[in-house]
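Asker: next input, structure requested:
(one chain, ligands or ions: 1)
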Amino acid sequence: MPERITLRVPPGQAPDEARIRHRLADALRLTPGALPPYRILRCSIDARRGRPCYELTVVLGAAAALPPPPPPLAPVPANAKPVLVVGAGPAGYFAALELIAHGLKPVILERGPDVTARRYAIAALYRAGSVNTDANYCFGEGGAGAYSDGKLYTRATKRGDVGKVLQRMVAHGADPRILIEAQPHIGSNRLPRIIAGIRRTILDNGGEVHFGRRVVGLVRHGGRVRGVMSAEGEKWLAEAVVLATGHSARDVYTWLSACGVRITAKPLAVGVRIEHPQSLIDQIQYRSPVRPAGLPPAVYRLKTRIDGRGVYSFCMCPGGHVIPAATAPGELVLNGMSMAGRNGPLANAGLVVEIGPTDLAAEAGDDPLALLRFQQRIEQAAYAAGGEGLRAPAQRMTDFVAGRPSTSLPSSSYRPGLVAWPVHTLLPAPVAGRLQAALTLFGRQMRGFLTEEALVLAVESRTSAPVCVLRDAETLMAPGFDGLYPCGEGAGHAGGIVSAAVDGQNVARRIVGFPGKV
Ligand SMILES: Cc1cc2nc3c(=O)[nH]c(=O)nc-3n(C[C@H](O)[C@H](O)[C@H](O)COP(=O)(O)OP(=O)(O)OC[C@H]3O[C@@H](n4cnc5c(N)ncnc54)[C@H](O)[C@@H]3O)c2cc1C
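Answerer: Okay, the predicted model is just below:
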């Protein structure tokens, strides 16, 4: 009896347990009643051979036993030592859960509102066209991914316990299919309830969550970080501080750098968001005039190298919306989100080019914040081009590649509206040139991808942190700042919801692993 077997199942049958059972029995030449215990380990879509189908990896026998879920959390003792966690994104909340699991009391300080109130701040963003610097698509409970596609796939499997992150999400209401899908996602309409559930778990088990607290500095005594100051004039004390403020908190980088925490510039990627009719992506990917019944809206992932730099698609949102993700007035930065059903008519993705500190060497010298300022400059240029109300500069894809202005634009999911603009002029020439070359190549690889029905919108600039906050590889503390644990995407040690959550768990475990210091 093999330990695992791969089944190819036509669309429409994959979720049907009884049919899978029969197919498995056929494959093993057994009657369904004689099947050993089995479990679907992975479910992916294979569209390569012209007849797309689900591919199920099934494990059999002893291997079919589910890995045990993380044990339920118990309230921390009344005298549990407090650990400050700055930021209620995935890194902060998963650090908090792990601290509770080890008997420590997380006290979370979050600059924005809770995930429900945040919705009103986002509605106001569309109504007023102006950005609240504490409540927006990046700031507020749930962090940057709260209103996203909620993609949960990651390359961080070697960095920590991804399974625990996913299982904790399921325990808080995520669909258990995220445990087996090769490309799991949750969707903007479901994420807020999961985030609020995690908060309730933290509160029920003795943690604290304080909204509307923007941290603006560190409290140090005797060579150790002992707490933080908030902009509201409060001093918060604890034995350790987890700093999980995300990659958009530029103010945090500025004060960290000013107080001597070591920060280095880190390569990032910038470019544009592209948007196609979803039906076109379905046709290309499924090689069929219409999406075959039973298959989800198609995704794509593209990458190439042009003149020594990686150019790749990023955060593709099938059936999604392009959204304004700026965190300060006078800046425009785009990102994407989808609902769980991914059933909108348009597909969007970032298309970005790698940039390194050496690309800016002439103007930057050894300024660690040079890439951050570069990022800010292109966001300001995009805002100036779009004008009031966060309208986005946009161009037909074919015009972008040809370097000519568009006289009309196809429809877009971007609600604040578009302004026809030669987007290629908004980006540094080496970035625009590589994007043009890459789109030409992708148009050859995927017939129909380079089309006048597709849009190029400016600007996509927050793919990752533009800096790395250094930390000791062993203790995970900032060198020279004992007690300070830079964490998650903002610290440059994660990229994406799951890897940020894994980093949060890792940092919490490291705090617990040094009991003398907590
Ligand atoms: C629109 C959008 C869509 C995305 N889609 C996906 C996706 O589908 N899949 C995926 O894997 N990733 C996605 N990402 C990226 C993902 O959201 C981030 O990688 C992840 O959230 C990083 O987690 P984090 O906890 O490190 O930081 P964040 O999630 O950025 O959380 C940081 C938190 O700190 C708070 N904060 C900041 N400064 C302060 C301060 N001074 N004081 C107190 N609190 C502060 C912020 O308000 C925020 O809540 C998306 C991002 C965006 C913006």
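Asker: secondary structure class for the residue of the stretch 251-400 of the chain at minimum distance from the ligand?
Answerer: Proximity of the stretch 251-400 of the chain to the ligand (CB to the nearest ligand atom) peaks at N335, 3.5 Å away. C-betas here are computed from N, CA, C, even on glycine. The three-state assignment at N335 reads strand, by DSSP: H, G, I helix; E, B strand; the rest coil.
Asker: what number of residues lie near the nearest residue to it once chain neighbours are set aside?
Answerer: Of all residues beyond its chain neighbours, the one nearest N335 is A325 (4.0 Å), with distances taken as CB to CB, 6 or more residues apart in numbering. Applying other CB atoms under 10 Å, we find 25 residues neighbouring A325.
Asker: ok, A325 - contacts?
Answerer: Applying CB atoms under 8 Å, 6 or more residues apart in numbering, we find A325 in contact with N136, Y137, C138, A144, S248, V333, L334, N335, R462.
Asker: list the contacts of the residue lying closest to D161 once chain neighbours are set aside.
Answerer: In space, and not counting its chain neighbours, D161 is closest to Q505: 6.1 Å by CB to CB, 6+ apart. Residues near Q505 by CB under 8 Å, 6+ apart: F94, A95, L97, E98, G160, D161, K164, V165.
Asker: retrieve the pLDDT associated with Q505.
Answerer: On the pLDDT scale, Q505 is placed at 96.
Asker: which SS state does it fall under?
Answerer: helix.
Asker: one more: A144?
Answerer: Secondary structure, three-state DSSP: A144 is helix.
Asker: that one - how many residues pack around it?
Answerer: 26.
Asker: contacts only, for it.
Answerer: By CB under 8 Å, 6+ apart, the neighbours of A144 are G89, Y137, C138, G246, H247, S248, A325, E489.
Asker: how many neighbours does the residue of the stretch 251-400 of the chain closest to the ligand have?
Answerer: When neighbours are defined as other CB under 10 Å, N335 has 27 of them.
Asker: what bridges to it?
Answerer: N335 forms beta bridges with I323, as assigned by DSSP bridges.
Asker: select from the contacts of Q505 every entry located in helices.
Answerer: The members of the contacts of Q505 that map onto helices under DSSP state H are F94, A95, L97, E98, K164, V165.
Asker: list the contacts for the fifth one?
Answerer: Pointing back at K164 there. Taking CB under 8 Å, 6+ apart as the test, what K164 contacts is P70, Q505.
Asker: same thing with the first one?
Answerer: F94 sits next to V165, R168, A500, A501, V502, G504, Q505, A508 when contact means CB under 8 Å, 6+ apart.
Asker: ok so, going back, from V456, how far out is the residue nearest to N335?
Answerer: From A325 over to V456 the distance is 17 Å, taken as CB to CB, to the nearest Å.
Asker: including distance to E388 and pLDDT, could the contacts of A325 go into CSV?
Answerer: Below are the contacts of A325 laid out as CSV (distance: CB to CB, whole Å; pLDDT from 0 to 100):
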residue, distance to E388, pLDDT
N136, 17, 96
Y137, 19, 97
C138, 21, 97
A144, 25, 96
S248, 22, 96
V333, 16, 97
L334, 17, 98
N335, 20, 97
R462, 22, 94
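Asker: so what touches stretch 110-124?
Answerer: For stretch 110-124, the external contacting residues (CB under 8 Å, 6+ apart) are 86-88, 92, 132, 134-137, 139-142, 146-147, 192, 195-196, 199, 209-215, 249.
Asker: quick check: R287 touching R48?
Answerer: No: when contacts are counted by CB atoms under 8 Å, R287 is not listed as touching R48 (9.5 Å).
Asker: buried among the contacts of A325? Need that as a selection in PyMOL.
Answerer: Buried residues among those (16 or more other CB atoms under 10 Å), as a PyMOL selection:
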select buried, resi 136+137+138+144+248+333+334+335+462
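Asker: wait, C43 sits on Y54?
Answerer: Yes: counting by CB under 8 Å, C43 does reach Y54; the two are 6.0 Å apart.
Asker: I378 against L426, yeah?
Answerer: Yes: because the distance of 6.8 Å satisfies CB under 8 Å, I378 is recorded as touching L426.
Asker: would you list the phi and psi of Q395?
Answerer: phi -150, psi 150 (degrees, to the nearest 10).
Asker: who's in contact with the residue in the stretch 351-500 of the chain positioned nearest to the ligand?
Answerer: Closest to the ligand within the stretch 351-500 of the chain is G488: 2.6 Å, counting by CB to the nearest ligand atom. G488 makes contacts with G87, G89, P90, A91, G92, A244, T245, G246, A494, A500, D503, G504, as judged by CB under 8 Å, 6+ apart.
Asker: list only buried entries from the contacts of stretch 110-124.
Answerer: The buried subset of the contacts of stretch 110-124 - by 16+ other CB under 10 Å - is 86-88, 92, 132, 134-137, 139-142, 146-147, 192, 195-196, 199, 209, 211-215, 249.
Asker: contacts only, for the closest residue to V512 other than its chain neighbours.
Answerer: Nearest residue to V512, sequence neighbours excluded (CB to CB, 6+ apart): H102, at 4.1 Å. Counting by CB under 8 Å, 6+ apart, H102 touches A508, R509, V512.
Asker: so the first one is in which element?
Answerer: The reference is to A508. A508 is part of helix 497-512, with elements assigned from DSSP states H and E.
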